[in-house]
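Student: please find the sequence and the predicted model below.
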Amino acid sequence: MRAVAIDAHGGLEQVRLRTDWPEPSAGPGQAVVEVKACGLNYLDIFVLHGMPGLPVEMPRIPGGDISGVVHSVGAGVGREWVGRRVLVDPHIKHGGALGEHGNGGLCERIAVDADNLIAMPDAVTFEQAASLPIAYGTAYRMMITRGHLQPGELVLILGASGGVGTGCVQIAKNLEARVIACASSASKLKRLQELGADYVIDYTREDFSKRAWEISGKKGVDVLVNYTGGDTWVPSLRTLARYGRLLTCGATAGFDPKTDIRYIWRREVNIIGANGWTRQDLEALLGAVERGSIKPIIHAVYPLAESREAMRVMEDREVFGKIIVQP
C-alpha cells in the first residue's frame, strides 16, 4: 500500500512516499476506510519537528482529518457500514489524535475504531469533510462550547487566514458577531473581507493591539482568539475589554511566552483554553456544511505523491484555509 510517512523528527527531508506500507486489516470493533481525502494541520508540522516532552513513535503517517468510504469491518461491527461515506473522528480513545499518537490518513487505507465513524450527508464532499475535524472542530469548540460567543460582540482573530482562523470567522459571522481578522498580506485580508470580516489588520505592517483598540472605540474587544502564543500574548491581553475573554487552543509561535498579569486582574479578564473537539461538534459542523452556513475554505488539493510540498506550503504559511491531500 502507498503511504506517506515521517521517518524521524527533523525537516521536510524526513517526509517520504512509501509503496511498501503494510495493508491494514479490521480487527474486532474496527473498520478499514478507503481514504478519499485527508486534511493537513499545523499539528503535522509539530509532529515532524518534534515537541519537547511529547515523544512520537516513528515512522508516523501524518494527517488526522480523514474522509472516505468504509472498505471492510471487523467482528462486532455491522456490515451496513460497508460502502458508506464517512468522516473519521481523529480522537484516539486512550488520548491524542490520529496522525500524532496513531497513524493518520496520508495513505490509501486506514484501520480505525468503528466508534470513530460518522456518516456523511450526501451533500457534503470528501474534501469539505476532511477540512473539518481538527481545525473547524477546534474552532467550533473554542468559539461556541467554551467561549460562549454572543451576537453583537467584537471578536479579534489572530492568524485568521488558516484553517482554524477561517473557521472562527465563519462561526462568528453566523452568530452575528463583529469580526476583526488579522493576517499577513493584502491578498489574505481581501479574502477575509469576502468571508465576512468587518475589519482587517495586516499585523506585519501595524500593531494589531493598537489598531484593534482604535476600532473598539478604546474600549477593547470582547473576545480575542489567540492560538499563536509567543510575542502576541501580552499585546492580546492589552487588547481585551473589561471582562473580556482570551480564547486559546494552541501555540504555533511559542508555548512559553512572557506575560503581564496586571491586565488579567485589572480588567477581570478570563483566559479560556479549548483542547480539540467532540463528536457532537463534528456532527454539528457536518450539518452546517450541509445547510451551507459553513463553507470550508480549501487552499489547494494535492496528490499523495506531493505531500511533502503540501506540508512545506503549510509550514511556510502560504495558505489561506485548508490543505487537502488525495491518495
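Tutor: Now that the structure is in, tell me what you want to look at.

Student: for the closest residue to residue 50 other than its chain neighbours, which residues are in contact?
Tutor: Nearest non-adjacent residue to residue 50, counting by Cβ to Cβ, 6 or more residues apart in numbering: residue 9, 3.6 Å away. Yep, even glycine has a C-beta here, placed from its N, CA and C like the rest. Listed by Cβ atoms under 8 Å, 6 or more residues apart in numbering, the contact set of residue 9 reads 48-50, 56, 58.

Student: swap in residue 313?
Tutor: Residue 313 sits next to 299-300, 319, 323 when contact means Cβ under 8 Å, 6+ apart.

Student: could you state which residue of the chain sits nearest its centroid?
Tutor: In the chain, the C-alpha nearest the mean C-alpha coordinate belongs to residue 135, at 1.7 Å (Cα atoms, centre = their mean).

Student: gap between the closest residue to that one other than its chain neighbours and residue 169?
Tutor: Using Cβ to Cβ, 6+ apart and skipping residues adjacent in sequence, the residue nearest residue 135 is residue 163, 3.2 Å away. Applying Cβ to Cβ, to the nearest Å, the value for residue 163 to residue 169 is 11 Å.

Student: thought the residue nearest to the centre of the chain was touching residue 167?
Tutor: Yes - counting by Cβ atoms under 8 Å, residue 167 is a contact partner of residue 135 at 5.7 Å.

Student: touching, residue 27 and residue 72? I think so.
Tutor: No - counting by Cβ under 8 Å, residue 27 stays clear of residue 72, with 11.0 Å between them.

Student: more neighbours, the two?
Tutor: Of the pair residue 27 and residue 72, residue 72 is the one with more neighbours under other Cβ atoms under 10 Å, namely 18 against 14.

Student: I figured the residue nearest to residue 135 hits residue 321, correct?
Tutor: Yes - with contact defined as Cβ under 8 Å, residue 163 and residue 321 form a contacting pair (6.3 Å).

Student: of those two, who's got more company?
Tutor: residue 163 (30 against 21).

Student: can you give me the strands in the stretch 51-200 of the chain?
Tutor: Taking DSSP state E, counting those that start in this stretch, the strands of the stretch 51-200 of the chain run over residues 65-73, 85-88, 109-113, 117-119, 154-157, 178-183, 199-202.

Student: what comes up buried for whatever helix or strand comes next after the last one?
Tutor: In this case it means strand 199-202. Downstream of strand 199-202, the first helix or strand assigned by DSSP states H and E is helix 208-215. Judged by neighbour count (16 or more other Cβ atoms under 10 Å), helix 208-215 contains these buried residues: 208-209, 211-213, 215.

Student: I'd like these laid out as CSV, including pLDDT and distance to residue 154.
Tutor: Shown next, in CSV, are the buried residues of helix 208-215 (pLDDT from 0 to 100; distance: Cβ to Cβ, whole Å):
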residue, pLDDT, distance to residue 154
208, 97, 14
209, 97, 14
211, 97, 13
212, 98, 9
213, 97, 11
215, 98, 8
